[in-house]
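[1] Below is the sequence, then the predicted model.
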Amino acid sequence: MCRTVDLHQAVLAKNDERALALRAELAARGTTAVNLLSSPGSGKTALLELLLERCAAEGLPAAAVTADLATENDAERLARSGAPVRQILTDGLCHLEAGMLRRHLTEGGWLPEDTAVLWVENVGNLVCPASYDLGETLRVVLASVTEGEDKPLKYPTAFGLANAVVITKTDIAEAVEFDQAGFLRNLRQVNPDVPVLETSARTGRGTAELLEFVRRTRDGRRPVHRPALAAEHEPLLHHRHEDDDHPHGHAHPHPHGVPAA
(Lines give C-alpha, C1' and ligand atoms only; values in the text may rest on other atoms or scores of the structure.)
Protein backbone atom coordinates (compact mmCIF):
# COMPACT_ATOMS: atom_id res chain seq x y z
CA MET A 1 0.00 0.00 0.00
CA CYS A 2 2.84 2.42 0.81
CA ARG A 3 4.39 1.81 -2.62
CA THR A 4 1.02 2.50 -4.25
CA VAL A 5 0.60 5.78 -2.37
CA ASP A 6 4.19 6.81 -3.18
CA LEU A 7 3.63 6.11 -6.88
CA HIS A 8 0.40 8.09 -6.92
CA GLN A 9 2.13 11.00 -5.20
CA ALA A 10 5.01 10.80 -7.68
CA VAL A 11 2.57 11.01 -10.59
CA LEU A 12 0.92 14.07 -9.06
CA ALA A 13 4.30 15.67 -8.35
CA LYS A 14 5.36 15.19 -11.98
CA ASN A 15 2.09 16.69 -13.14
CA ASP A 16 2.62 19.68 -10.83
CA GLU A 17 6.04 20.30 -12.37
CA ARG A 18 4.55 20.29 -15.85
CA ALA A 19 1.68 22.50 -14.75
CA LEU A 20 4.08 25.03 -13.28
CA ALA A 21 5.99 25.18 -16.58
CA LEU A 22 2.80 25.49 -18.63
CA ARG A 23 1.49 28.24 -16.35
CA ALA A 24 4.68 30.21 -16.95
CA GLU A 25 4.41 29.70 -20.73
CA LEU A 26 0.79 30.88 -20.81
CA ALA A 27 1.54 33.87 -18.60
CA ALA A 28 4.45 34.87 -20.85
CA ARG A 29 2.14 34.98 -23.86
CA GLY A 30 -0.63 36.78 -21.95
CA THR A 31 -3.12 33.91 -21.98
CA THR A 32 -5.56 33.38 -19.12
CA ALA A 33 -6.52 29.72 -18.78
CA VAL A 34 -9.85 28.78 -17.21
CA ASN A 35 -10.28 25.16 -16.11
CA LEU A 36 -13.98 24.20 -16.08
CA LEU A 37 -14.87 21.23 -13.86
CA SER A 38 -18.26 19.63 -13.31
CA SER A 39 -20.29 16.44 -13.26
CA PRO A 40 -21.60 15.09 -16.58
CA GLY A 41 -24.72 16.90 -17.72
CA SER A 42 -24.10 20.13 -15.82
CA GLY A 43 -24.39 22.21 -18.98
CA LYS A 44 -20.67 23.04 -19.37
CA THR A 45 -20.65 22.76 -23.15
CA ALA A 46 -23.83 24.77 -23.66
CA LEU A 47 -22.52 27.54 -21.41
CA LEU A 48 -19.13 27.49 -23.10
CA GLU A 49 -20.79 27.90 -26.49
CA LEU A 50 -22.31 31.16 -25.30
CA LEU A 51 -19.07 32.32 -23.70
CA LEU A 52 -17.13 31.76 -26.93
CA GLU A 53 -19.77 33.64 -28.90
CA ARG A 54 -19.63 36.51 -26.43
CA CYS A 55 -15.83 36.59 -26.60
CA ALA A 56 -16.08 36.91 -30.38
CA ALA A 57 -18.71 39.64 -30.13
CA GLU A 58 -16.56 41.61 -27.69
CA GLY A 59 -13.36 41.20 -29.69
CA LEU A 60 -11.66 39.09 -27.03
CA PRO A 61 -9.46 36.44 -28.70
CA ALA A 62 -10.44 33.09 -27.19
CA ALA A 63 -9.88 29.40 -27.82
CA ALA A 64 -11.20 26.23 -26.25
CA VAL A 65 -10.00 22.74 -25.47
CA THR A 66 -12.59 20.13 -24.59
CA ALA A 67 -11.86 16.69 -23.17
CA ASP A 68 -13.91 13.51 -23.35
CA LEU A 69 -13.26 9.80 -23.14
CA ALA A 70 -14.66 9.40 -26.66
CA THR A 71 -16.32 11.29 -29.58
CA GLU A 72 -15.63 14.79 -30.87
CA ASN A 73 -19.22 15.95 -30.42
CA ASP A 74 -18.41 18.79 -28.02
CA ALA A 75 -15.63 20.18 -30.20
CA GLU A 76 -17.97 20.22 -33.19
CA ARG A 77 -20.55 22.14 -31.18
CA LEU A 78 -18.04 24.67 -29.85
CA ALA A 79 -16.44 25.21 -33.26
CA ARG A 80 -19.69 26.77 -34.46
CA SER A 81 -18.66 29.87 -32.51
CA GLY A 82 -15.80 30.42 -34.95
CA ALA A 83 -13.20 30.15 -32.17
CA PRO A 84 -10.23 27.77 -32.46
CA VAL A 85 -11.30 24.53 -30.76
CA ARG A 86 -9.42 21.31 -30.12
CA GLN A 87 -10.81 18.00 -28.84
CA ILE A 88 -8.71 15.85 -26.52
CA LEU A 89 -9.71 12.20 -26.37
CA THR A 90 -8.43 10.72 -23.13
CA ASP A 91 -8.94 7.06 -24.15
CA GLY A 92 -10.55 6.12 -20.86
CA LEU A 93 -8.61 8.42 -18.56
CA CYS A 94 -11.08 10.32 -16.38
CA HIS A 95 -9.21 13.62 -16.26
CA LEU A 96 -6.84 15.90 -18.11
CA GLU A 97 -3.19 16.27 -17.13
CA ALA A 98 -0.86 19.20 -17.64
CA GLY A 99 1.45 17.36 -20.04
CA MET A 100 -1.49 16.16 -22.11
CA LEU A 101 -2.90 19.67 -22.34
CA ARG A 102 0.45 21.21 -23.26
CA ARG A 103 1.00 18.73 -26.10
CA HIS A 104 -2.32 19.62 -27.65
CA LEU A 105 -1.71 23.35 -27.26
CA THR A 106 1.70 23.27 -28.92
CA GLU A 107 1.19 20.67 -31.66
CA GLY A 108 1.56 22.45 -34.97
CA GLY A 109 1.40 25.82 -33.23
CA TRP A 110 -2.32 25.27 -32.75
CA LEU A 111 -2.98 27.89 -30.07
CA PRO A 112 -2.99 31.35 -31.69
CA GLU A 113 -0.38 33.68 -30.20
CA ASP A 114 -2.94 36.39 -29.45
CA THR A 115 -5.23 34.10 -27.40
CA ALA A 116 -6.42 36.12 -24.41
CA VAL A 117 -8.59 33.44 -22.82
CA LEU A 118 -8.18 29.70 -23.10
CA TRP A 119 -11.24 27.78 -21.93
CA VAL A 120 -10.49 24.20 -20.86
CA GLU A 121 -13.54 21.95 -20.58
CA ASN A 122 -12.30 19.11 -18.40
CA VAL A 123 -13.73 15.59 -18.44
CA GLY A 124 -17.14 15.43 -16.77
CA ASN A 125 -16.06 14.20 -13.35
CA LEU A 126 -15.69 15.86 -9.95
CA VAL A 127 -13.28 13.34 -8.45
CA CYS A 128 -10.06 12.83 -10.43
CA PRO A 129 -9.83 16.25 -12.18
CA ALA A 130 -9.78 17.95 -8.78
CA SER A 131 -6.30 16.51 -8.12
CA TYR A 132 -4.64 17.63 -11.34
CA ASP A 133 -3.33 21.14 -11.84
CA LEU A 134 -3.42 22.07 -15.53
CA GLY A 135 -1.46 25.29 -15.25
CA GLU A 136 -4.71 27.24 -15.18
CA THR A 137 -5.24 30.78 -13.95
CA LEU A 138 -8.74 30.06 -12.68
CA ARG A 139 -10.40 26.86 -11.59
CA VAL A 140 -14.17 27.17 -11.99
CA VAL A 141 -16.51 24.44 -10.74
CA LEU A 142 -20.02 24.20 -12.17
CA ALA A 143 -23.06 22.68 -10.48
CA SER A 144 -26.52 22.54 -12.04
CA VAL A 145 -29.72 23.08 -10.09
CA THR A 146 -30.70 19.48 -10.87
CA GLU A 147 -27.80 18.02 -8.89
CA GLY A 148 -28.96 18.83 -5.37
CA GLU A 149 -27.81 21.19 -2.67
CA ASP A 150 -25.43 18.69 -1.03
CA LYS A 151 -23.05 18.48 -4.02
CA PRO A 152 -20.28 20.53 -2.34
CA LEU A 153 -20.32 18.20 0.67
CA LYS A 154 -20.12 15.10 -1.53
CA TYR A 155 -17.19 16.50 -3.52
CA PRO A 156 -15.33 18.69 -1.02
CA THR A 157 -12.00 18.65 -2.88
CA ALA A 158 -13.47 19.87 -6.17
CA PHE A 159 -15.57 22.60 -4.59
CA GLY A 160 -13.10 23.32 -1.82
CA LEU A 161 -10.31 24.20 -4.26
CA ALA A 162 -12.43 26.25 -6.66
CA ASN A 163 -11.60 29.87 -7.38
CA ALA A 164 -15.20 30.40 -8.41
CA VAL A 165 -18.41 28.35 -8.49
CA VAL A 166 -21.06 28.65 -11.19
CA ILE A 167 -24.65 27.51 -10.70
CA THR A 168 -26.09 26.43 -14.06
CA LYS A 169 -29.58 25.84 -15.46
CA THR A 170 -31.11 28.44 -13.14
CA ASP A 171 -34.05 28.82 -15.52
CA ILE A 172 -35.45 25.53 -14.15
CA ALA A 173 -34.47 26.07 -10.52
CA GLU A 174 -38.04 26.58 -9.38
CA ALA A 175 -39.35 23.58 -11.33
CA VAL A 176 -36.83 21.22 -9.71
CA GLU A 177 -37.22 22.88 -6.30
CA PHE A 178 -33.55 23.74 -6.03
CA ASP A 179 -32.65 24.80 -2.50
CA GLN A 180 -30.17 27.54 -3.32
CA ALA A 181 -29.82 28.71 0.27
CA GLY A 182 -28.95 25.15 1.29
CA PHE A 183 -26.47 24.82 -1.56
CA LEU A 184 -24.70 28.03 -0.60
CA ARG A 185 -24.65 27.03 3.05
CA ASN A 186 -22.98 23.73 2.16
CA LEU A 187 -20.58 25.41 -0.24
CA ARG A 188 -19.45 27.86 2.47
CA GLN A 189 -18.54 24.91 4.67
CA VAL A 190 -15.89 23.73 2.21
CA ASN A 191 -14.94 27.04 0.56
CA PRO A 192 -15.84 30.18 2.52
CA ASP A 193 -16.08 33.39 0.50
CA VAL A 194 -15.73 31.69 -2.88
CA PRO A 195 -17.36 33.85 -5.60
CA VAL A 196 -20.63 32.37 -6.88
CA LEU A 197 -22.25 33.21 -10.22
CA GLU A 198 -25.67 32.13 -11.50
CA THR A 199 -26.16 31.22 -15.15
CA SER A 200 -28.57 29.79 -17.67
CA ALA A 201 -27.42 28.71 -21.11
CA ARG A 202 -31.03 28.65 -22.25
CA THR A 203 -31.71 32.32 -21.45
CA GLY A 204 -28.16 33.61 -21.49
CA ARG A 205 -28.42 34.76 -17.92
CA GLY A 206 -25.09 35.30 -16.21
CA THR A 207 -22.83 34.75 -19.23
CA ALA A 208 -21.89 38.43 -19.43
CA GLU A 209 -21.17 38.49 -15.71
CA LEU A 210 -19.04 35.33 -15.92
CA LEU A 211 -16.99 36.67 -18.81
CA GLU A 212 -16.54 39.98 -17.00
CA PHE A 213 -15.39 38.05 -13.93
CA VAL A 214 -12.70 36.39 -16.06
CA ARG A 215 -11.72 39.69 -17.68
CA ARG A 216 -11.39 41.44 -14.33
CA THR A 217 -9.18 38.62 -13.08
CA ARG A 218 -7.13 38.77 -16.26
CA ASP A 219 -6.68 42.53 -15.98
CA GLY A 220 -5.75 42.34 -12.31
CA ARG A 221 -8.87 44.23 -11.26
CA ARG A 222 -10.06 41.26 -9.21
CA PRO A 223 -7.70 39.13 -7.10
CA VAL A 224 -7.89 35.37 -7.52
CA HIS A 225 -9.83 33.84 -4.63
CA ARG A 226 -7.56 31.67 -2.50
CA PRO A 227 -9.58 28.73 -1.13
CA ALA A 228 -9.16 28.01 2.56
CA LEU A 229 -8.81 24.31 1.76
CA ALA A 230 -5.65 25.07 -0.20
CA ALA A 231 -3.70 25.41 3.04
CA GLU A 232 -4.39 21.74 3.78
CA HIS A 233 -3.30 20.43 0.39
CA GLU A 234 -0.25 20.04 -1.76
CA PRO A 235 0.05 22.79 -4.40
CA LEU A 236 -2.48 21.91 -7.05
CA LEU A 237 -2.08 25.44 -8.33
CA HIS A 238 1.42 26.57 -7.40
CA HIS A 239 0.86 30.30 -7.54
CA ARG A 240 -1.95 29.96 -5.00
CA HIS A 241 -1.18 27.02 -2.70
CA GLU A 242 1.78 25.99 -0.58
CA ASP A 243 1.62 22.91 1.65
CA ASP A 244 3.06 19.42 1.98
CA ASP A 245 -0.05 17.26 2.34
CA HIS A 246 -1.37 14.94 -0.37
CA PRO A 247 -3.67 16.94 -2.65
CA HIS A 248 -6.43 14.40 -2.92
CA GLY A 249 -6.31 12.42 0.31
CA HIS A 250 -6.59 9.04 -1.43
CA ALA A 251 -4.57 6.06 -0.19
CA HIS A 252 -5.52 4.06 -3.29
CA PRO A 253 -4.25 4.08 -6.86
CA HIS A 254 -6.00 6.05 -9.55
CA PRO A 255 -9.21 4.24 -10.53
CA HIS A 256 -8.12 3.95 -14.15
CA GLY A 257 -4.55 2.98 -13.38
CA VAL A 258 -1.44 5.14 -13.35
CA PRO A 259 -1.67 7.93 -15.92
CA ALA A 260 0.96 7.98 -18.64
CA ALA A 261 3.98 10.13 -17.92
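    Thanks, I have the structure now.
[2] name the element the residue lying closest to residue 39 once chain neighbours are set aside belongs to?
    Among residues not flanking residue 39 along the chain, residue 126 sits closest, at 5.5 Å (CB to CB, 6 or more residues apart in numbering). Where you see a C-beta, it was placed from the backbone N, CA and C, and this is true even at glycine. Counting by DSSP states H and E, no helix or strand carries residue 126.
[3] Next, residue 126: phi, psi?
    Main-chain torsions, residue 126, degrees, to the nearest 10: phi -100, psi 10.
[4] Which residues lie in contact with it in this structure?
    Taking CB atoms under 8 Å, 6 or more residues apart in numbering, we find residue 126 in contact with 37, 38, 39, 141, 151, 155, 158.
[5] Quick one: the residues you listed as TSV, columns for pLDDT too.
    Shown next, in TSV, are the contacts of residue 126 (pLDDT from 0 to 100):
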residue	pLDDT
37	97
38	97
39	96
141	98
151	97
155	97
158	97
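[6] Counting by contacts, list what the helix ranked longest in the chain packs against.
    The residue-count maximum for a helix in the chain (DSSP state H) belongs to helix 2-28. Under the contact criterion of 3 or more CB pairs under 8 Å, 6 or more residues apart in numbering; DSSP states H and E, helix 2-28 touches strand 32-37, helix 98-106.
[7] what distance separates the longest one from the centre of its chain?
    Read that as helix 98-106. Mean-position distance between helix 98-106 and its chain equals 15 Å (CA atoms, centre = their mean, to the nearest Å).
[8] Give me the contact list for that helix.
    Residues contacting helix 98-106 (CB under 8 Å, 6+ apart): 15-16, 18-19, 21-22, 25, 65, 86, 88, 90, 110-111, 118, 120, 132-135, 261.
[9] hmm, 6 Å instead?
    15, 18, 19, 22, 86, 88, 111, 134, 135 (CB atoms under 6 Å, 6 or more residues apart in numbering).
[10] for the fifth one, helix, strand, or coil?
    The assignment at residue 86 comes out as strand when based on DSSP: H, G, I helix; E, B strand; the rest coil.
[11] try the last one
    Remark: residue 135 carries the secondary structure label coil [criterion: three-state DSSP].
[12] Leaving out the residues flanking it, which one is nearest to it?
    residue 22 (3.3 Å).
[13] Distance check, that neighbour against residue 9.
    Using CB to CB, to the nearest Å, residue 22 is found at 20 Å from residue 9.
[14] Which one of the two is surrounded by more residues?
    Remark: of residue 22 and residue 9, residue 22 carries more neighbours, 21 against 15, as counted by other CB atoms under 10 Å.
[15] wait, the more buried one sits on residue 136?
    No. Using CB atoms under 6 Å, residue 22 is not in contact with residue 136, being 8.9 Å away.
[16] end-to-end on stretch 48-68?
    Terminal residues of stretch 48-68 lie 15 Å apart, using CA to CA, to the nearest Å.
[17] Give me the buried stretch members for it, please.
    By neighbour count on 16 or more other CB atoms under 10 Å, the buried set for stretch 48-68 is 48-55, 60-68.
[18] In helices, which of these fall?
    Short answer: these in helices (DSSP H) are 48, 49, 50, 51, 52, 53, 54, 55.
[19] Looking at these, which is nearest residue 196?
    Nearest to residue 196 out of those is residue 51 (CB to CB; 17.1 Å).
[20] which residues sit in contact with that closest one?
    By CB under 6 Å, 6+ apart, the neighbours of residue 51 are 207, 211.
[21] Please report how far residue 193 lies from residue 225.
    Distance of residue 193 to residue 225, given as CB to CB: 7 Å.
[22] circling back: what's the closest of the ones in helices among the buried residues of stretch 48-68 to residue 210?
    For those, the nearest to residue 210 is residue 51 (6.8 Å; CB to CB).
[23] how close does the residue nearest to residue 135 get to residue 117?
    The value you get for residue 22 to residue 117, if CB to CB is used, is 15 Å.
[24] now residue 104
    Taken as CB to CB, the span from residue 104 to residue 117 is 17 Å.
[25] neighbour count winner among the two?
    Shown here are residue 104 and residue 117; by other CB under 10 Å, residue 117 has more neighbours (23 against 17).
[26] No further questions, thank you.
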